[in-house]
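Engineer: Coordinates for the following, if possible.
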Amino acid sequence: MKKYWLLLGCLGIFVGCTSYPTEIINKYRCVQPTEWSETATGVKTHIKTKEKILALTMDACGSKTDSLDKELIEFLIREQIPATLFVTSRWINKHPDEFKWLASNPLFDIQNHGKDHRPASVNGQSIYGIDGTKNAKALAKEVLDNANKIEKLTGKRPIFFRSGTAYYDEYAVSMISEMGFQSIGFSVLGDKGATYTAPEVVEAFLTAKAGDIIICHMNHPEKETGKGLMQVLPMLKKKGYRFVLLRDYADRLE
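Structural biologist: Sure, this is the predicted structure:
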């Protein structure tokens with residue numbers, strides 16, 4: 001029976017996906033990726049610029065233990081430091097009031113981190129013990145369900161997608177693009193999944209250069225990410241760096 005359904009899929013006979021782009025899904029049903037990384041072909045990791053600008057991006061994944069680092073967010077508001085926030089449906093569902101608070105502030109731009117925080121795969125590859133989307137249909141669901149949710153709640157459709165763990169295969173990146181989103185990675189690993197100590201966060205951020213996209217997390221107040229950011233962001237501003245939203249440089253990402 002399993003072979004029968006696989007044969008139907010490879011013949012392009014796809015049933016039950018009226019809510020998703022059938023033509024795109026069928027195109028990627030039987031491809032065989034050769035890449036699996038944070039820098040797969042097509043992933044955007046940098047702003048093409050000579051200006052001293054940096055893009056601060058912060059993820060909220062929706063694990064059982066996460067919440068919101070409100071002290072960090074309030075610091076960004078006081079310092080008027082913009083940030084692009086990648087959130088999952090899981091996190092939104094767990095923290096609806098916090099999500100509304102963040103979305104109401106123009107300093108922050110809400111972007112898509114997926115429905116269930118899955119790595120972006122067309123054939124079920126995994127990383128760090130997390131299973132990726134098992135096929136093209138699952139990838140479409142991961143991307144579009146959360147995009148639709150964010151648009152419904154905020155009135156603004158996301159234009160970027162960052163997969164869970166920021167891992168992609170090259171066909172997933174291509175498929176995401178055909179669905180209308182840019183796949184976002186990073187060029188500075190700011191807190192290594194909220195595992196860095198504050199001094200390690202400072203050290204990581206101080207490696208940033210013009211146009212870098214920095215990744216860190218806003219969902220673990222019990223960790224030291226916030227403490228590190230509150231130390232290092234003023235230091236970077238003193239060095240002449242300005243923080244920008246990715247959305248404002250969407251046509252200059254590489």
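
Engineer: Could you export stretch 137-145 as PDB, CA atoms only?
Structural biologist: C-alpha atoms of stretch 137-145 as PDB (Å, rounded to 0.1, in the frame of the first residue of the first chain):
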ATOM      1  CA  LYS A 137       3.000  18.800   1.500                       C
ATOM      2  CA  ALA A 138       4.300  18.900   5.100                       C
ATOM      3  CA  LEU A 139       6.600  21.800   4.200                       C
ATOM      4  CA  ALA A 140       3.800  23.700   2.600                       C
ATOM      5  CA  LYS A 141       1.700  23.200   5.700                       C
ATOM      6  CA  GLU A 142       4.600  24.300   8.000                       C
ATOM      7  CA  VAL A 143       5.200  27.500   6.100                       C
ATOM      8  CA  LEU A 144       1.700  28.500   5.000                       C
ATOM      9  CA  ASP A 145      -0.300  27.700   8.100                       C
END
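
Engineer: List of residues touching it?
Structural biologist: 14, 17, 19-21, 24-25, 28-29, 89, 112, 114-116, 118, 120-122, 133, 161, 163, 172, 175-176, 179, 181 (C-beta atoms under 8 Å, 6 or more residues apart in numbering). In short, each C-beta sits where N, CA and C put it, glycine included.

Engineer: Same check on stretch 238-254?
Structural biologist: Outside stretch 238-254, the residues touching it (C-beta under 8 Å, 6+ apart) are 44-49, 51-57, 81-84, 109, 111, 159-160, 182, 184, 208, 210, 213, 233, 237.

Engineer: Would you mind listing which of the residues you listed are buried?
Structural biologist: With burial judged by 16 or more other C-beta atoms under 10 Å, the buried subset of these is 44-47, 53-57, 81-84, 109, 111, 159-160, 182, 184, 208, 210, 213, 233.

Engineer: top strand in this protein by residue count?
Structural biologist: Under DSSP state E, the strand in the chain containing the largest number of residues is strand 53-60.

Engineer: Can you give the distance of it from its chain's centre?
Structural biologist: The chain centre lies 10 Å from the centre of strand 53-60; the measure is C-alpha atoms, centre = their mean, to the nearest Å.

Engineer: Remind me what that strand packs against, helices and strands.
Structural biologist: Contacts defined by 3 or more C-beta pairs under 8 Å, 6 or more residues apart in numbering; DSSP states H and E place strand 53-60 against strand 83-87, strand 213-217, strand 242-244.

Engineer: what's stretch 124-132 in contact with?
Structural biologist: 33, 36, 117-121, 133-135, 163-165, 167, 169.

Engineer: residues of the longest helix along the chain that come out buried?
Structural biologist: In terms of residue count, the longest helix belonging to the chain (DSSP state H) is helix 136-154. By 16+ other C-beta under 10 Å, the buried positions in helix 136-154 come out as 136-150, 154.

Engineer: Let me see the mean pLDDT of that helix.
Structural biologist: Helix 136-154 shows a mean pLDDT of 98.
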